[in-house]
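Colleague: Just the structure for this:
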Amino acid sequence: MFVSCPGHELTHIHLRWNFDVAPGIRLLGDHWERSYGDLEWRGIVPERVMPWYFLTWDGAVCHGYGVKTGAASLSFWQVDAEGVSLWLNVANGGEGVQLGTRRLHAATIVSRAGKQGEDVIESARAFCRVMCEKPRLPDGPLYGSNDWYYAYGKNSAELTLRDADLMAELSSGLSVRPFTVVDDGWRDLSRFPDMRAVSEGIRERKVRPGIWIRPLIAPENTRGELLLPGARFGAQKGRASDLAYDPTVPDALELIAAKAREVVEFGFELVKHDYSTYDLLGRWGSEMGPSPTGQGWHLHDRSRTNAEVISDLYVALRKAVGEKTLLLGCNTVGHLGAGIFESQRTGDDTSGQHWERTRKMGVNTLAFRLAQDKTFFSLDPDCVGITPDIPWEQNRQWMDVIARSGAALFVSPDAAATGAEQKKAIGEAFAITAKGGDGIRPADWFQTTSPGRWIGAGGEVRYRWSGADGADPFAT
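Modeller: Predicted coordinates for the structure are as follows:
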């Protein structure tokens, strides 16, 4: 799909196919960035926004319809009884893009017809391969520790090396080495006086060092011409994250890239970059609906679409870290990061404090985005927060299904909740992950948003996610 619009500003293109849609069909869409516990097979909901692609299921065959990864537009689909719509958002910020004489390749529309008797997950995986012809994958399964869900920013060099010792112990004998990821909080010099020494200490334990960054956030004294306008948040002003770099300004993009280069120079082998969608567009994926950002603002360079700006940002981060460092995107757009990142956080945060967040966000994204694993990137459904606040039986099951799925498995092990039983289970889960899992997939995903019946190489496994009290209606 090519677009020209000389002399005018363009925000959207609406394509429509009019025909009678089969009654009783079930539909599964995707999300703009992370999912929020809300992915599900549903009947026809005409106003439902399905970013990037959708799958159909008529009880016998699963078909796929979408746009190829790396599109220059933010695209979503709608299905009603009388046809199908595709909306291509080519805006710049919340206003029209100024293409001038440029001819924009906005998107490549693709489809795949399913086959009789084909497993639905396999149909979805095959369609993901159509959308993404060249995924960028890590050199082996991803697993290890991340301190966020027990430390919540109160981490330290000592805790990091304790985590690395534990990872070394629990991965003994495995040829694929684990990571220890230092999450937010490491810029506090009182707790992390020497990051190069931290990465070296992790590596000395035969564990791979990883680190978290927020690349777009800018310090208080940043010159205004390098920043995004606060207007992208609409009526919500005065947030710290108003101070974010505009990646269309070359000097600002260089400062963004410098953050990534810095941690690679410290010796870190995995860079988890976070918040860029929110910092750029001013909305979480759960708030976007048909509009990824608010109206009434634009980027400094108005000649490129938001999708192009996001893709250029991702390419700049890849160039900054080099070819050997792994990139893990969080709050990033998977359809634009595919082929650039080795791994993607596909769901909103799990928790080390409230099990309901893990059940809602983690189980849902693992089940309903599992087809993207190894076809777009290595899927990261987020961590197992092993703390005194989370019932071990629930965490044990969550860790088991991640390991069997073959997705990335990261644990946040609070020393107060990680005893002999937990260590044994973590070690077993790591061994399964290091072998690539056992191909487990959801069996009851047509009936629930939190699938509890899964089928793998060893047969069916039943997980009980809600416990004796059921789901918490007050949890966020």
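Colleague: Contact partners for Ile25?
Modeller: Taking CB atoms under 8 Å, 6 or more residues apart in numbering as the criterion, Ile25 is in contact with Gly43, Ile44, Thr56, Trp57, Asp58. Glycine gets a C-beta too; all of them are placed from N, C-alpha and C.
Colleague: swap the cut-off to 7 Å and go again
Modeller: Ile44, Thr56, Asp58 (CB atoms under 7 Å, 6 or more residues apart in numbering).
Colleague: likewise Lys154?
Modeller: Gly185.
Colleague: Over to Ala407?
Modeller: Ala407 is in contact with Leu366, Asp373, Leu379, Asp380, Pro381, counting by CB under 7 Å, 6+ apart.
Colleague: Quick check: chain neighbours aside, which residue is closest to it?
Modeller: The spatial neighbour of Ala407 that comes closest, neighbours along the chain excluded (CB to CB, 6 or more residues apart in numbering), is Leu379 at 4.5 Å.
Colleague: And for the one you found, the neighbour number?
Modeller: 26 (other CB atoms under 10 Å).
Colleague: which SS class is it?
Modeller: strand (DSSP: H, G, I helix; E, B strand; the rest coil).
Colleague: List the beta-bridge partners for it.
Modeller: Beta-bridge partners for Leu379, by DSSP bridges, are Gln344.
Colleague: re the thing from before, scan the contacts of Ala407 and report the most crowded one.
Modeller: Pro381 (29 neighbours).
Colleague: doesn't Gly347 make contact with it?
Modeller: Yes. When contacts are counted by CB atoms under 7 Å, Pro381 is listed as touching Gly347 (5.7 Å).
Colleague: residues touching Pro413, list them.
Modeller: Ser145, Tyr150, Asp163, Leu166, Ile386.
Colleague: gap between the fourth one and Asp188?
Modeller: Going back to what we said before, that points to Leu166. Counting by CB to CB, to the nearest Å, the separation of Leu166 from Asp188 is 22 Å.
Colleague: Comparing these two, which shows the higher neighbour count?
Modeller: Neighbour tally, Leu166 and Asp188, criterion other CB under 10 Å: the higher count belongs to Leu166, 22 against 13.
Colleague: Could you check the pLDDT of that one?
Modeller: Note for Leu166: predicted pLDDT of 98.
Colleague: What residues does Ile202 make contact with?
Modeller: Contacts of Ile202 by CB under 7 Å, 6+ apart are Thr160, Ala164, Thr180, Pro209.
Colleague: ok, now Arg16?
Modeller: Contact analysis of Arg16 by CB under 7 Å, 6+ apart lists Gly83, Ser85.
Colleague: do Asp80 as well
Modeller: Val21, Ile44, Pro46.
Colleague: Gly267 too?
Modeller: Arg196, Ser199, Glu200, Pro209.
Colleague: Let me know the secondary structure of it.
Modeller: Under three-state DSSP, Gly267 falls in the coil class.
Colleague: And the contacts of Ile202, which is closest to Phe430?
Modeller: Comparing those against Phe430 with CB to CB places Thr180 closest, at 12.8 Å.
Colleague: related to what we said a few turns ago, next step: the contacts of Ile202 restricted to strands.
Modeller: Cross-referencing the contacts of Ile202 against strands under DSSP state E gives Thr180, Pro209.
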